[in-house]
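Chemist: Here is a sequence together with a model predicted from it:
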Amino acid sequence: MTDAEIEALYLRHRRPFIAWAAKQFGLAQEDALDVYQEAIIAFVRNVRAGRYDPAASEPSTYLFAIGRNQALNALRRRKGRDARNVSDLRIAHSPESEQRHDEEHNAHLIAGGMAALSEKEREILRLYYSEERSMTEIAEAMGYHNADVAKKMKYVAFRKIAALITKTVAPQRPAHVE
Amino acid sequence: MWNDDDAIEALEAYAEGRMSGEEQRAFEVRLAEDPDLAGQLHAFRSTRAAIIQANGDERVRALLKKTEQRAGAGSGSWIQWAAAAAIVLLIGSAAWYWSRSSNSLPALAETYMVPESALPVFMSATPDVQRSLDRSMQHFGAGEYAQALAQLELLPSTDTTAFYTGVCKEQLDQDPTAHFQQVVDKLDSPFRAKAMYHLMLWHMKQDHRAEALHLLKEQRSLKEHPYRERLEALAASLDAKP
């Protein structure tokens, strides 16, 4: 999705979503807005990962389904409700909605792990893995003495995030080796 | 697992295809023989994918923050809210006066409102559905929007019922956005352009400038629109770019 498409999607559903979240879950406007933004982020993530099938559901239906999970997560986090209480609010259970819930939960954990890193650590991971810059370019951009120093910093950051992810998100071993 | 920099370097070089053919073959022999190494490679790939995903999410988050600020409705901190509330109080009377001037969005919404006609004939296989539709349209045509709405709410949801429900709510000064949005999302609905128009008017009535301008732009890009002339006149009034 392009930035323009994301903006159009965001503006189109913003007010109906906030009104719906307030009515359905009793969220205040500010909380509903946070939930809405996280739902849009998850929507974009799923579109980019090929997990959204436009033939199966309208964008608004899919977005509101994600939003429901996000709202439930927000209630769990902010009101300290246990899963049993909040599960009463679920309207429909399906393998797809459960999978979507797990993916969103994992994304939340990863975002939390990234937030625990220092700004420099996040930046070095972003430049290397997302921007695909070389270690020499990164060392220059971030003011490290040379590429080896930058690489050591990258490994420090990588270890921190890997420790979280391998513990909480991806505990399974692969069934076979490529 | 991750204490050795050289081990991470090797996993990274393999995963990113930076090994020579010989190095790659040797690494794959080790992978086949060592289940721990295979597990490390899986964990490395999961971590790498998670980092890329988190960075992608962060980029979208920054974009939404900018969009929200531009829409003039940023959530902000309580201090920002308090400051905004103080400003609103200070200029309240001026804003009240301005809202009644002829060029304000709410005033333009009234100027450009289009009365919709009731549909004359319905074809439905189910007698109950046909009866309710007929009644709702009779009330609608007579300007009895509350009664029309009550009948429409008895019917299964379609783009037709959603459109007329939206118009009834608009006339009753109730929020019609969810109903119009349902029609807008249905790309092949014959009511789509009209629903966009009424949704735009509703946002104008609420003084939601960003949403109204966005819908205006979207409608002007449609090949056909029943209210084309009105749209162009409205665009001229708002000094909107084509």
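Modeler: That came through, no problem.

Chemist: what's the neighbour count on residue 3?
Modeler: If you meant another chain, say so; for now it's chain A. Residue neighbour count, defined by other CB atoms under 10 Å in any protein chain shown, stands at 12 for residue A:3. The C-beta positions use only the backbone N, C-alpha and C, and glycine is treated the same way.

Chemist: not what I meant, chain B
Modeler: Neighbours of residue B:3 under the rule other CB under 10 Å: 8.

Chemist: got a pLDDT number for it?
Modeler: pLDDT recorded at residue B:3 is 70.

Chemist: same deal with the one 4 residues further on?
Modeler: Here, the pLDDT recorded for residue B:7 equals 84.

Chemist: so who does the residue nearest to the spatial centre of chain B touch?
Modeler: The residue lying closest to the centre of chain B (CA atoms, centre = their mean) is residue B:181, at 8.2 Å. Going by CB atoms under 8 Å, 6 or more residues apart in numbering or on different chains, residue B:181 touches A:12-13, A:16, A:60, B:195, B:199.

Chemist: who wins for most neighbours among those residues?
Modeler: residue B:199 (26 neighbours).

Chemist: Was I right to think that one contacts residue B:184?
Modeler: Yes. With contacts counted by CB atoms under 8 Å, residue B:199 reaches residue B:184, the gap being 6.5 Å.

Chemist: Look at the residue nearest to the centre of chain B and give its secondary structure.
Modeler: helix (DSSP: H, G, I helix; E, B strand; the rest coil).

Chemist: for the host helix or strand of residue B:66, the distance to its chain's centre please.
Modeler: Assigned by DSSP states H and E, residue B:66 belongs to helix B:35-70. Put simply, helix B:35-70 sits 25 Å off its chain's centre (CA atoms, centre = their mean, to the nearest Å).

Chemist: Then stretch A:23-30?
Modeler: Chain-centre distance of stretch A:23-30: 21 Å, with CA atoms, centre = their mean.

Chemist: Of all the residues in it, which ones are buried?
Modeler: Within stretch A:23-30, the residues scored as buried using 16 or more other CB atoms under 10 Å in any protein chain shown are A:25, A:27.

Chemist: In contact with residue A:114, which residues are there?
Modeler: Contacts of residue A:114 (CB under 8 Å, 6+ apart): A:122, A:125, A:161, B:51, B:54, B:58.

Chemist: farthest-separated two in those residues?
Modeler: Farthest pair in these (CB to CB) is A:161 and B:58. Separation: 13.4 Å.

Chemist: Out of the helices and strands in chain A, which is least certain?
Modeler: helix A:83-87 (a mean of 42; mean pLDDT, DSSP states H and E).

Chemist: Chain B now?
Modeler: None of the helices or strands of chain B scores lower by mean pLDDT, DSSP H and E than helix B:78-99, at a mean of 52.

Chemist: next SSE after that one?
Modeler: With DSSP H and E, the next secondary element past helix B:78-99 is helix B:105-111.

Chemist: On the three-state scheme, the residue lying farthest from the centre of chain A is what?
Modeler: Farthest-out residue of chain A from its mean C-alpha position, per CA atoms, centre = their mean: residue A:145, at 33.8 Å. Put simply, residue A:145 is coil when judged by three-state DSSP.

Chemist: Can you read off the pLDDT for it?
Modeler: On pLDDT, residue A:145 comes in at 92.

Chemist: gap between the residue nearest to it when sequence neighbours are not counted and residue A:150?
Modeler: Computed as CB to CB, 6 or more residues apart in numbering or on different chains, the closest residue to residue A:145 that is not its neighbour in sequence is residue A:139, at 7.3 Å. Using CB to CB, to the nearest Å, one obtains 4 Å as the distance from residue A:139 to residue A:150.

Chemist: Same check on residue B:221?
Modeler: Distance from residue B:221 to residue A:150, counting by CB to CB: 47 Å.

Chemist: of those two, who's got more company?
Modeler: The residue with more neighbours, out of residue B:221 and residue A:150, is residue A:150; 23 against 9, by other CB under 10 Å.

Chemist: any idea of the pLDDT on that one?
Modeler: 93.

Chemist: same check, this time on residue B:126
Modeler: pLDDT, residue B:126: 66.

Chemist: quick one: which of the contacts of residue A:114 is most hemmed in?
Modeler: Greatest neighbour count in the contacts of residue A:114, by other CB under 10 Å, goes to residue B:54: 26 neighbours.

Chemist: That one against residue A:111, yeah?
Modeler: Yes. Residue B:54 is within contact range of residue A:111, at 5.7 Å (criterion: CB under 8 Å).

Chemist: residue ranges with poor pLDDT in chain B?
Modeler: Scanning chain B for pLDDT under 70 picks out B:1-2, B:72-103, B:120-126, B:241-242.

Chemist: Please report the distance of the nearest residue to residue B:167 once chain neighbours are set aside from chain A.
Modeler: Once flanking residues are discounted, residue B:167 sits nearest to residue B:116: 5.1 Å by CB to CB, 6+ apart. Here residue B:116 is placed at a distance of 21 Å from chain A (CB to the nearest CB, to the nearest Å).

Chemist: So what does residue B:116 look like in phi/psi?
Modeler: Phi and psi for residue B:116, reported as degrees, to the nearest 10, are phi -90, psi 150.

Chemist: Contact partners for the spatially most central residue of chain A?
Modeler: In chain A, the centroid-proximal residue (CA atoms, centre = their mean) is residue A:107; its distance is 3.8 Å. Going by CB under 8 Å, 6+ apart, residue A:107 touches A:42, A:45, B:53-54, B:57.

Chemist: Could you export the host helix or strand of residue B:216 as PDB, CA atoms only?
Modeler: Assigned by DSSP H and E, residue B:216 falls within helix B:209-220. Only the C-alpha atoms of helix B:209-220 are listed here, as PDB (Å, rounded to 0.1, in the frame of the first residue of the first chain):
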ATOM      1  CA  ARG B 209     -12.900  19.900   6.800                       C
ATOM      2  CA  ALA B 210     -10.200  17.300   6.100                       C
ATOM      3  CA  GLU B 211     -12.800  14.500   5.600                       C
ATOM      4  CA  ALA B 212     -15.100  16.700   3.500                       C
ATOM      5  CA  LEU B 213     -12.300  17.800   1.200                       C
ATOM      6  CA  HIS B 214     -11.100  14.200   0.900                       C
ATOM      7  CA  LEU B 215     -14.500  13.000  -0.200                       C
ATOM      8  CA  LEU B 216     -14.900  16.000  -2.500                       C
ATOM      9  CA  LYS B 217     -11.700  15.100  -4.300                       C
ATOM     10  CA  GLU B 218     -12.600  11.400  -4.500                       C
ATOM     11  CA  GLN B 219     -16.000  12.300  -6.100                       C
ATOM     12  CA  ARG B 220     -14.500  14.600  -8.600                       C
END
